[in-house]
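> Fold the following, please.
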Amino acid sequence: MKAFGLILAGVTVLAFSAASAPASEPDIIVQQRQQDMKAMANAAKTIDAMFKGSSPYNAKAFKDAAETIGSHSGERLSSLFDRSIAAPGSKASASIGPERQKFDKLAADLGVYASALSSAADRNPDVLGPQMRMQAGDTMMGGPLARKANADRDVRSMPAEHAFHLMLQTCTSCHAEFRARAD
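This next block holds a predicted model:
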C-alpha cells in the first residue's frame, strides 16, 4: 500500500510538472497573436453593432473599442510576426517574411483607421450622427476600379463609418494575403 502511495505521488508530481512546464517562445507568441486578434475582432463587433443599430451608441464604448484595435495594431502587430511566423498552431503564412513591407503597411493602416474612429468618438460624445455616417454620393466610396484610399492622407476627410469599413477591408486583405491556406 505504501508503494502505491509513492507511485501515485510520483505520477502526480510528473503530471503537475508537465502541466506547469513553461511554454516555448513560439507557443507564447502564437498565443499572444491569437489573443490580440480575438480582442480586435471583439472590438470591431462592438463598433459594428453601433453602426448597425443593434447596440445603442455609446461614445466611451466606441472609443474603447477603437483604442483596443489601435493598441494591437501597428508596430505591436508587426512585432508579433517578426519570428516564428509559421509556428505550430499558427495560421500565419511564411509569406509575411518576403512581403514584410506590405504586412507592416497593413498593420500601420489598421492603427490609422482605429485612431480615426477614436477621434470620431471624441467629436461625437452623444450621438452617432450623420457626420459619422457614409452618405449617398460620397466621393470617398469608390468602387473596384477607384483609387485606393491612402490611410495616412485620406482618413482625416472621411466619415467614421467609411474609416471603419476600410479598417475591416484592411483586416480582410491581410488575412487573404498572409493567412496560411487550409489544405
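
> which residue ranges form the strands in this structure?
Assigned by DSSP state E, the chain shows no strands.

> Tell me which residue is most central in it.
Taking Cα atoms, centre = their mean as the criterion, Met40 is the residue nearest the geometric centre of the chain, at 3.8 Å.

> Contacts only, for that residue.
68-69, 72-73, 171 (Cβ atoms under 8 Å, 6 or more residues apart in numbering). C-betas here are computed from N, CA, C, even on glycine.

> Just the closest of these to Pro26, please.
When the contacts of Met40 are ranked by distance to Pro26 (Cβ to Cβ), His72 comes first, at 19.3 Å.

> Near that closest one, how many other residues are there?
23 (other Cβ atoms under 10 Å).

> Quick check: the gap between the residue nearest to Lys102 when sequence neighbours are not counted and Ile85.
Leaving aside its chain neighbours, Lys102 sits nearest to Glu177 (7.1 Å; criterion: Cβ to Cβ, 6 or more residues apart in numbering). Counting by Cβ to Cβ, to the nearest Å, the gap from Glu177 to Ile85 is 13 Å.

> Show me which of those two is the more surrounded one.
Between Glu177 and Ile85, counted using other Cβ under 10 Å, the more crowded position is Ile85 (21 against 14).

> mind listing which of the contacts of Met40 are in helices?
Judged by DSSP state H, helices contain the following of the contacts of Met40: 68-69, 171.

> Out of those residues, which is nearest to Arg123?
Closest to Arg123, out of all of those and judged by Cβ to Cβ, is Ile69, at 17.9 Å.

> tell me the contacts of that closest one?
Shown in contact with Ile69 (Cβ under 8 Å, 6+ apart): 40, 43-44, 110-111, 113-114, 117, 167.

> Going by length in residues, pull out the top helix of this structure.
From DSSP H, the single longest helix across the chain is helix 25-52.

> Can you check what pLDDT the model gives Ala86?
You'll see Ala86 listed with a pLDDT of 76.

> Same question for Val155.
In this model, Val155 is scored at 75, pLDDT.

> Excluding chain neighbours, what is closest to it?
Using Cβ to Cβ, 6+ apart, the nearest residue to Val155 is Ala116, at 4.4 Å.

> Let me see the contact set for that neighbour.
Shown in contact with Ala116 (Cβ under 8 Å, 6+ apart): 155-156, 158, 160, 163.
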